[in-house]
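Chemist: Using only what follows, build the 3D model:
(chains A, B, C and D)
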Number of protein chains: 2
Amino acid sequence: MKKQATCNTSTQCKKRILAIKDAMEILSGKWKFHILGTLLLNEKMRFMDLLREVEGIAPKMLSKELQDMEMNRLITRSVINTKPITVEYSLTEAGRTVEPLVNELATWGEAYRNELYS
Amino acid sequence: MKKQATCNTSTQCKKRILAIKDAMEILSGKWKFHILGTLLLNEKMRFMDLLREVEGIAPKMLSKELQDMEMNRLITRSVINTKPITVEYSLTEAGRTVEPLVNELATWGEAYRNELYS
DNA sequence: ACACATAGTTACCAAAAGGTAATCAGTTTC
DNA sequence: GAAACTGATTACCTTTTGGTAACTATGTGT
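Modeler: Numbering: from 1, shown residues only, chains lettered A, B, ... in the order given. Have a look, this model is predicted:
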């Protein structure tokens, strides 16, 4: 009786593992948290605004990530019929729920960094 | 004055972006959260235990991820001089600080999934 | 006519991530 | 002495990710 089944048997634990996998699939990649973080601060942003604010991202990547997150219903894309056509991106209600997660990530990252230089 | 500099100018915001980048670098990949989550539940685990508990991982990946996290001081590796040599892995103090993050990730993933089927 | 801004798309390429399968070296059990 | 368990490592390959650069199409200002 050395082997204590800590996880694989428990339904709760399987749900947890699945939840983590889900979250990572949707939020993975180099840019999503940065885009979401920027949109959390700004509410409505145009493509070029994001391109400027999210430092280092290329239009291709921005476009792809926005499409990705639109499909996952984290953000909304709305075309505004202005003189030069503009497109506004903003978080959905679901998108805004990432806020605590982004905060936790930032907090952890900062704490980790501080710990190194202590 | 249309362009409101929301982020790039603020020192606080740059720190935040850096923190997120740091965290993602250290915790990225398919397996780290699963390994950390398992170690959060078990305290001390041997290589083969992890191989069995972290479903689907190959020894190569487990080995690599453990080395990675050991270098980043999230886990400790200690060789125990038993009959067949055993190696114990456990979280460091720094490693245990990921707990809220793992929880937040799991919570978000579950909420997201529930929202889809509502 | 020319430059510039809008919002992207496309082709091409390099690097990283991750999977499979085999192997290794030591020890213990049969 | 053969098989099995310990904790890995290695070679090889495929997929995914992400970057660069160029290009499209529309419209505005000069």
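Chemist: Mind listing what's buried along stretch A:84-99?
Modeler: Residues of stretch A:84-99 classed as buried by neighbour count (16 or more other C-beta atoms under 10 Å in any protein chain shown): A:89, A:91, A:94-95, A:97-98. All C-beta spots, glycine's among them, are computed from the backbone N, C-alpha and C.
Chemist: In CSV, list those residues along with distance to DNA strand C, secondary structure and pLDDT.
Modeler: Shown next, in CSV, are the buried residues of stretch A:84-99 (distance: C-beta to the nearest atom of the strand, whole Å; DSSP: H, G, I helix; E, B strand; the rest coil; pLDDT from 0 to 100):
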residue, distance to DNA strand C, secondary structure, pLDDT
A:Tyr89, 7, strand, 98
A:Leu91, 15, strand, 98
A:Ala94, 20, helix, 97
A:Gly95, 16, helix, 98
A:Thr97, 23, coil, 98
A:Val98, 21, coil, 98
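Chemist: what about the helix or strand containing A:Met48, near chain B?
Modeler: Taking DSSP states H and E as the definition, A:Met48 sits inside helix A:47-53. Yes - judged by C-beta under 8 Å from any C-beta of the partner chain, helix A:47-53 comes into contact with chain B through A:52-53.
Chemist: Residues contacting that helix, please?
Modeler: A:35, A:38-39, A:42, A:45, A:57, A:59, A:62-63, A:66, A:87, A:89, B:6-8 (C-beta atoms under 8 Å, 6 or more residues apart in numbering or on different chains).
Chemist: just stretch A:97-105 next, same as before
Modeler: For stretch A:97-105, contacts defined as C-beta under 8 Å, 6+ apart pick out A:23, A:27, A:33, A:36-37, A:40, A:74, B:19-20, B:23-24, B:100-101, B:104-105, B:108, B:111-112.
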